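# give the three-dimensional model of this entry:
(4 chains)
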Amino acid sequence: MPSLRLENVSKRFGGLTAVGDVSLTVPEGTITGLIGPNGAGKSTVVNLITGMLKLTEGRIVLGDEDIGEIGPEEVVRKGIARTFQNIRLLPEATVLENVLIGFHRHETASILAGLLNLPSVWREGKALRKQAEALLERFRMSDYADLPAGGLAYGHQRRVEMMRAVASGPDVLLLDEPVAGMNDVEADELGVIFKDLAASGMGLLLIEHNVRFVTKLCPVVHVLNTGRMIASGPAEEVMRDPAVITAYLGKGQA
Amino acid sequence: MIAQQLINGLVSGAVYALFALGFTLVFGVQKLLNLAHGGVFMAGAFIAYYAVVSGVPFWAAAILGTLGAGLISVLIEIVAFRPLRARGQAEFAAIVASIGVDLILVSIAQRVSDTKVLKFPFGTFPIEFYRFWGLRISLLQIMILAIVAVLLAALVFYLKKTTFGRQVRAVAINEKAAALLGVNAKAVYFQTFFISGALAGIAGVLIGLSFNSIQFLMGEPYMLRAFVVVVIGGLGSIPGAVFASLMLGVMQTLSVAYLPNGVSEMIIFALLFVVLLFWPNGLFGGAGLSAGVGRR
Amino acid sequence: MNLKKTILAAVSLAALMAAPAKAAEYTVLVLQSLTGPAAFIGTGVKDGMVLAAEEINAKKELGDGNSLKVVVADDASDRTQTLSLITRQASDPSVLAVLGPTSGSVALAGANIANELKIPLITTTNIMDVLKNGPWSFILTQPASVTIPYIGKYTVDSLKVKNCAIIGLKDNESYVTLQKMYEDYLVANGGKATSNEGIKVTDSDFSAIATKLADSKQDCIFVSAPAPQAANIITQLRQGGVDPKTPILGHSSLASPEFISKGGKAVEGVYLIGDWLPGGADDFGKAFDAAFKAKHNAPADNWSAVGYGGMRVIAAAIKAAGPNPTRDGVRDALTKVKDVKVVVGQGLYSFDAERIPRPGMNVLMVKDGKFVLAK
Amino acid sequence: MMSYYQAYQPIIDFFLLNLGFAYSQQVALRAGVFSVATAGFGALGAYASAILVTRMGISPALAIATATLVGTAVGFLLSVPLARLRGVFQAIATLAFVEVIVSFLYYAEGITGGAIGINNIPRMVSTPALLAAVAAVMYVTWAIGRSGVGRAFDALRQDETVAACLGVSIRNYHALAFVLSGAIGGLFGGLQSLYVFSIEPGQFGFGFMVAILTAIVLGGRGTLIGPVAGCAILALLPEIARPLAENRPLVNGVILIAVIIYLPQGVGDGLLLQWRNRRSARRARAIEEASRAVP
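Next comes the predicted model:
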């Protein structure tokens, strides 16, 4: 699977630099960490990769293809999926329906066939349903398949969002604070699944607030502060970096 | 004659501007379309009319119409818009709810006026004409241009130079962030709706006065014009609305004067589609609103 | 207690005996636009019709204690309502005829369904297509081809002008027909329409048209719009500097008190035609005007006068259809209606061989804030 | 019984016609397209079939097929500038579109008859034909609900950004919604003009637009039964109480506000969702109890 590279990426809103000169790589089969305090620009990085924001400078490359200009729909088709910091499910749809829409980019039945409900459509529908059910099984959510997603508990909603992203079959998965608001037990349960996904060859970019969680999972961690990359490297090393400590704890503590 | 027609066009355009400003102001702050704006405009004219026929002097009736329209507009915010905003995803719901409000206002007006076309009594405003360089311009036309200019200046001053104006712009950019900074978003919405309604109300009074006609459907053509104005000028843009209104007024009079009967309407709306196709944010950029999901 | 009962029984018995054996109630459906865009026509027509029916019943004009039963319905100019209401009422065999619908394509749709269901129907409109639709549909008002020559002739023969600017509604079919007919009349007499300004019923800004006409040359201006809007147009024409000596003319839509109340001094001297001379042209008309005033506390307008005549015409047809009238009988009698006394035009209402009504028109002018016959 | 049916037959037929237009409106709203163009599509379809039948003597079936095609084509053309725009622009532009169509119908007298419209159109459409057309449209609506198209529409309606991030092409699916809305609108416009004897521009204006929009907001934007519920309620209201018929705009206004605030999914969709929620609450309880039973 191809890996994702950001090369000297910048994003300015008017005079304000949200992200400045950031470079990082998400290699296949690993979980890469991206941490930083609130307002450091982590979500901006995700939005730049997924085609929601225009780059001011720099390149975003997947494998050897520049994907820095294409829109969000195209980005997905290139093999990049994401979750949202503030969970965004389709509230009226059931858990299963939320996951099914994740398969959208793999659907092959023609629109005309869909309008007429031809056999090709229901054959494909059946196959997708099977795949979705397998995914539910993997995330231990089978019991909730027919429940409206909007009414689920917080942790379960996070899982639905993740399943939906995984359903699109990405090479690179961007997780925007996936364990925010979860306790350690719940978080570690998800950690297992992440490792599992990485083992299958997928590259994961884990954007987190929870330092403990990131150090546990990620061999390489990048630290962002006020839009700049202030440290990169193995987790333990980075956490000892004085610049990182200052950024996290404030100047007085350093 | 062309100079005379330009004056006619500028006067019509100035009143379009008054109407469109209130409409675009609410959109700029709320990102919601208030399709009841035409109804509020009509209500302003109705209030002033019934005040005049019950003996109130015209200037006081005009103020009553303006304030009344402002209050109706605030009422719309409370009854129809606020519950929707609280729920989120109000874009579509606001369109529906404001159409509903408009239907109610128009039905009430139809009932009150018994479907009749009303007119301010003779002598409500002196009819005087001034002639120079072969042109005729009435006292009323001069007054309209003056009022529009004054109100426009006041509005710009209010938005750019006062605390309230800064708050409005803060809420327009990001309601949550503004709230964190201590801006009372509810108060901002109240004021924008009031100003928007008052502008519509005074436009209604001026139109009713200068074109001798107050009736329950009078908002409809102005609402349609306002669509063209905000698309060309950019939704939420005040200079855009003013420029587009004047342009529209002039275009319309010139097409009545020089083009075959009936095409002016089609030209105007065709223009709307052309602008949408090539400059979806309007010729003046609007309030930094992107049209659709994509890199911005 | 007992006594009371006995008296009651006696009274009702007496009432029964007093009623002649053949006493009958003839039901007529008055289906007009009482709400919606054509309500200004429909409401007046309905008021006139109801008044006429009350008079006919009070004066026992149908004889033998027979009476008219009027069912009033509103279609709001909505064809769904028109078709539903007519279909439903027609399924009741006691309904002999329909007076309505008011105008526009709703009237045409009404005519279609009446011919399909075979029930006599008199629309308020003057559209000839209603007659072409079949033998069961009639028109109450005179088509443009009958009325417009009255004002056309006045323009050409009395005012001696024939090149006129025309301002007219383009979104209402009766107004369009009328102004076209007027143009045709001018052309047939060697004149022409110098310009043709289309307006919409919600328009109120006529400054551009006024400036244009102030600058162009025409011998007269013909305005085809509802009364208040026409008053507004003429006011703006005068303010826009149109030569005050240019005669301004219009058709029967101007024959409403609103034209004068909204136009004031600006409409002085405007020529128009009317079915109804306000106040009434003869004793019959004056009596109607008085009765209307007594009932509605407002003077009768053109449309209530038209409606009054409509009810008189259908009553005459029902009477002529003899005892136990059928829809067939009423229809046949309608085609033979001749010289029914009405309050419009020259006072006598007949259908000609093509079922076109011909009570005639009056050419009026505004003088000192009143409609008077134009010389 | 038979005469009873005859007396109410127009109500049934008009219900079916409105239902068709309601599906045209629904398919747009379902995909998150804020279009009110159905009135314009209906007008074009109606005039197309009326002109073909009355002036060229073309068979009704062919005329209605042409009407559908005209609606489809115009829906596609409209989607070119509008499919990529935000909702409010779509609303404004489609309102203006209806206005352009109506102005054109008044203006192009030679083709459309101007304000007089087209009259004496033979009635060539009967209840069975209307039923068949409604059934066909309902089938397609149902099929959409079962396919990826429906999933994409539903995703777009509920959250455009999420849909885009899952690879749903906003432009393509909004264009598809415009095309479907145009096709259905054109089809029922064609049917209508061969049913009501006469057509004129005014009937396709603001009033028509509001009536159809009210039916969908009232019934629901997402399900097959939404339009049926909405149209049925609106058709029955004036039959239940005449005052409701005489104040129709007022009633529509109150319905629009009340429903969008208190029952935003509409009566049909809302009830369906409520039923599902109640069932799911039971399920959730059951799951919880089961997990408690196994320590």
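
# check what contacts stretch D:154-170 and list those residues.
With contact meaning CB atoms under 8 Å, 6 or more residues apart in numbering or on different chains, stretch D:154-170 is reached by A:50, A:52, A:71-73, A:75-77, A:81-82, A:84, A:88-93, A:97, A:101-102, A:104-105, A:164, A:168, B:292-294, D:29-32, D:83-84, D:152, D:173-174, D:221-222. Heads up, the C-betas are built off the backbone N, CA and C, glycines and all.

# run the last query once more with 6 Å
With contacts defined as CB atoms under 6 Å, 6 or more residues apart in numbering or on different chains, stretch D:154-170 is touched by A:50, A:72-73, A:76-77, A:82, A:88, A:90, A:92, A:101-102, A:104-105, B:293, D:31-32, D:152, D:173.

# cool, and stretch A:208-216?
A:33, A:35, A:177, A:179, A:187, A:221, A:235.

# show me those that map onto helices.
By the criterion of DSSP state H, membership of those in helices covers A:187, A:235.

# any idea which of the contacts of stretch A:208-216 has the most stuff around it?
Ranked by the number of neighbours (other CB atoms under 10 Å in any protein chain shown), those place residue A:35 first, at 28 neighbours.

# residue C:373 versus that one, what's the distance?
Counting by CB to CB, to the nearest Å, the separation of residue A:35 from residue C:373 is 96 Å.

# returning to that earlier point: which among the contacts of stretch D:154-170 count as buried?
Applying 16 or more other CB atoms under 10 Å in any protein chain shown to those, the neighbour count classes A:50, A:72-73, A:76, A:82, A:88, A:90, A:92, A:101-102, A:104-105, B:293, D:31-32, D:152, D:173 as buried.

# can I get the least confident helix or strand in chain B by mean pLDDT in PDB? Just the C-alpha atoms.
When the helices and strands of chain B are scored by mean pLDDT, DSSP states H and E, helix B:175-180 comes last with a mean of 76. Written as PDB, here are the backbone C-alpha positions of helix B:175-180 (Å, rounded to 0.1, in the frame of the first residue of the first chain):
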ATOM      1  CA  GLU B 175     -21.300  32.400  16.600                       C
ATOM      2  CA  LYS B 176     -19.600  30.100  19.100                       C
ATOM      3  CA  ALA B 177     -16.300  31.900  19.100                       C
ATOM      4  CA  ALA B 178     -18.200  35.200  19.500                       C
ATOM      5  CA  ALA B 179     -20.100  33.800  22.500                       C
ATOM      6  CA  LEU B 180     -16.800  32.800  24.100                       C
END
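
# quick one: low-confidence ranges for chain D?
Within chain D, the segments meeting pLDDT under 70 span D:1-4, D:241-243, D:245-246, D:291-295.

# which parts of it sit against chain C?
Residues of chain D lying near chain C by CB under 6 Å from any CB of the partner chain: D:3, D:6-7, D:10-11, D:14, D:106, D:115-117, D:119, D:196-198, D:200, D:246.

# can we see that at 8 Å?
With CB under 8 Å from any CB of the partner chain as the criterion, chain D meets chain C at residues D:3, D:6-11, D:14, D:106-107, D:114-117, D:119-120, D:123, D:196-203, D:238, D:245-248.

# count of neighbours near residue D:290?
As a burial measure, residue D:290 scores 10 neighbours (other CB under 10 Å).

# likewise for residue C:94?
10.

# is it true that it touches residue C:27?
Yes. Using CB atoms under 8 Å, residue C:94 makes contact with residue C:27 at a distance of 5.0 Å.

# look up phi and psi at the residue nearest to residue D:176 when sequence neighbours are not counted.
Excluding its sequence neighbours, the residue lying closest to residue D:176 (CB to CB, 6 or more residues apart in numbering or on different chains) is residue A:111, at 6.4 Å. Note on residue A:111: its backbone torsions stand at phi -60, psi -40 [degrees, to the nearest 10].

# residue A:111 and residue D:172, how far apart?
Residue A:111 is 9 Å from residue D:172, by CB to CB.
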